[in-house]
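Chemist: Turn this into a structure:
(one chain, ligands or ions: 1)
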Amino acid sequence: MNDPSSKDFTQQTRTVRAALETDTQHGAVVPPLHLTSTFAFGGYGEKREYDYSRSGNPTRDALGTALAELEGGAGAVVTSSGMAAVALVTQLFRPDQFAVVPHDCYGGTYRLFNALHTRGALQVRFVDYQEAGQLEQALGERPALVWIETPSNPLLRIVDIAATAGKAKAVGALVVADNTFLSPVWQQPLALGADVVVHSTTKYLNGHSDVVGGAVIAARPETHDLLKWWGNCIGVTGAPFDSFMTLRGLRTLHARMRIHGENAARVAGLLSRHPAVAKVYYPGLPGHPGHAIARAQQQGFGAMVSFELAGSLENAKAFLHGVHLFSLAESLGGVESLVAHPASMTHAAMDEAARLRAGITDTLVRLSIGIEDGEDLLRDLSAGLDAARAVIW
Ligand SMILES: *Cc1c(COP(=O)(O)O)cnc(C)c1O
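Modeler: Prediction:
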């Protein structure tokens, strides 16, 4: 199969085979890693396809092509981190323009938009998208940018992408969706009306917790050309080696997501039945506030599960000490299971009042469910939950 993008094959097959057998020099099955900063001209005035790796690199382009195809976009700019991808998008706007951003977006995204607003580089309004009135009011001020992130972190709140994009585009806004938490296997925002998708490829797309990277995928060629121009201009493009690693990780994306999803559903089931647990946040549970929308716009419920333990911080500590298969670490989306305590880790920068307003209590625990054997994960979690329950409160 020399044309992996052939529509005769499913997306899973095309992702596994992205850019395979494209080496015309030696016929290497896996595309070679082009570790070079610069490319020789053929002669005077004879620039080849590539001239300098900030502007373009064959390895990075192979990843970009695969990502654009996965999201159904016109093109992708591969960046050096997820935050570089977010920052790249902000280059498209003038200081007098107005952006609507969810108040519970990724912490780094919040910090960036807040800093841009503070120095007058962009007018930013943080809005609770769960409050229809707040969003309507902000849209009434004719924003140039509407940012969507669904499911949210760490409470997995769901935003209706098609409904939000429809209203935002009606007032002329560019709609950008951060699709990091689900990957294109489970959610395709461009098909739901978003103009641009942003990824931290650090998470599921690379999937092995060994690369920091990002991508911006645009639905229309004009938007992609603009993003590509800015990506080269400000120099946020990703390294060839990281691109090689990420393309390697991407080949197993569909297979990984299947196991991530199976394990997460089982974990959510165990948590919702356990007496040590006060509340479970997982879009796959029928009682989750966004369950119906998630069911309609996603093909999977994700592999992030958050929950509140009954009791106090002491119970949460006992749980964190009591699990051994879950590494206590930030980040998510790798093959290995991780546990995080948002109040003391990812959201420690927030003051306590703001944290509680956002629903992040001392007993809240966030799990990134990996692809280990599900039975092992359940046994380990049970041990942690029993340890939490043994603490008298
Ligand atoms: C991690 C993350 C980012 C930032 O990506 P980095 O690769 O860490 O720079 C942005 N959005 C979401 C939803 C993330 O989880």
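Chemist: Centroid-wise, who is the farthest residue in this structure?
Modeler: Largest separation from the mean C-alpha position in the chain: residue 44, at 44.1 Å (C-alpha atoms, centre = their mean).
Chemist: May I ask which helix or strand encompasses it?
Modeler: For residue 44, there is no host helix or strand (DSSP states H and E).
Chemist: interface residues of the stretch 151-300 of the chain facing the ligand?
Modeler: Within the stretch 151-300 of the chain, the positions near the ligand by C-beta under 6 Å from any ligand atom are 178, 180-181, 200, 202-203, 212, 214. Just so you know, the C-beta spots here come from the backbone N, C-alpha and C atoms, and that holds for glycine as well.
Chemist: Taking those, please make a ChimeraX selection of just the buried ones.
Modeler: Burial among these is assessed by 16 or more other C-beta atoms under 10 Å; the matching ChimeraX selection reads:
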select :178,180,181,200,202,203,212,214
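Chemist: now, which of the residues of the stretch 151-300 of the chain next to the ligand lie within strands?
Modeler: Taking DSSP state E, the ones among these that sit in strands are 178, 200, 214.
Chemist: What about the residue lying closest to the last one once chain neighbours are set aside, how many residues nearby?
Modeler: Nearest residue to residue 214, sequence neighbours excluded (C-beta to C-beta, 6 or more residues apart in numbering): residue 85, at 3.4 Å. The criterion is other C-beta atoms under 10 Å. On that basis, residue 85 has 32 neighbouring residues.
Chemist: Show the model's pLDDT score for residue 85.
Modeler: pLDDT for residue 85: 98.
Chemist: if I look at it, how far off is residue 210?
Modeler: Using C-beta to C-beta, to the nearest Å, we find residue 85 at a distance of 19 Å from residue 210.
Chemist: residues contacting the spatially closest residue to residue 37 that is not a sequence neighbour?
Modeler: Nearest-residue entry for residue 37: residue 53, 5.1 Å, with adjacent residues in sequence omitted and distances by C-beta to C-beta, 6+ apart. Residue 53 makes contacts with 34, 36-39, 60, 237, 240, as judged by C-beta atoms under 8 Å, 6 or more residues apart in numbering.
Chemist: Among those residues, name the buried ones.
Modeler: 34, 39, 60, 237, 240.
Chemist: Distance from the chain centre to the helix or strand of the chain with the lowest mean pLDDT, please.
Modeler: Sorting the helices and strands of the chain by mean pLDDT, DSSP states H and E puts helix 352-357 at the bottom, at a mean of 84. Distance, stretch centre to chain centre, for helix 352-357: 24 Å (C-alpha atoms, centre = their mean, to the nearest Å).
Chemist: so after it, what's the next helix or strand?
Modeler: strand 364-368.
Chemist: Give me the sheet partners of that following strand and which way each runs.
Modeler: When pairing is defined by DSSP bridges, strand 364-368 lines up against strand 304-309 (antiparallel), strand 338-340 (antiparallel).
Chemist: could you give the mean pLDDT of that strand?
Modeler: So the average pLDDT for strand 364-368 ends up being 98.
Chemist: which residues in the stretch 101-250 of the chain form strands?
Modeler: Using DSSP state E, counting those that start in this stretch, the strands of the stretch 101-250 of the chain run over 123-127, 145-149, 174-178, 196-200, 214-218.
Chemist: Show residues contacting the third one.
Modeler: Read that as strand 174-178. Contacts of strand 174-178 (C-beta under 8 Å, 6+ apart): 86, 89, 92, 105-106, 109, 144-150, 161, 164-165, 168-169, 189, 193-200, 223.
Chemist: Show me which positions of it end up buried.
Modeler: Buried-residue list, strand 174-178, by 16+ other C-beta under 10 Å: 174-178.
Chemist: how about the helices of this protein, start to end?
Modeler: Using DSSP state H, the helices of the chain run over 11-16, 58-71, 82-90, 107-118, 132-139, 161-170, 183-186, 221-234, 240-250, 253-273, 291-297, 313-322, 352-357, 374-390.
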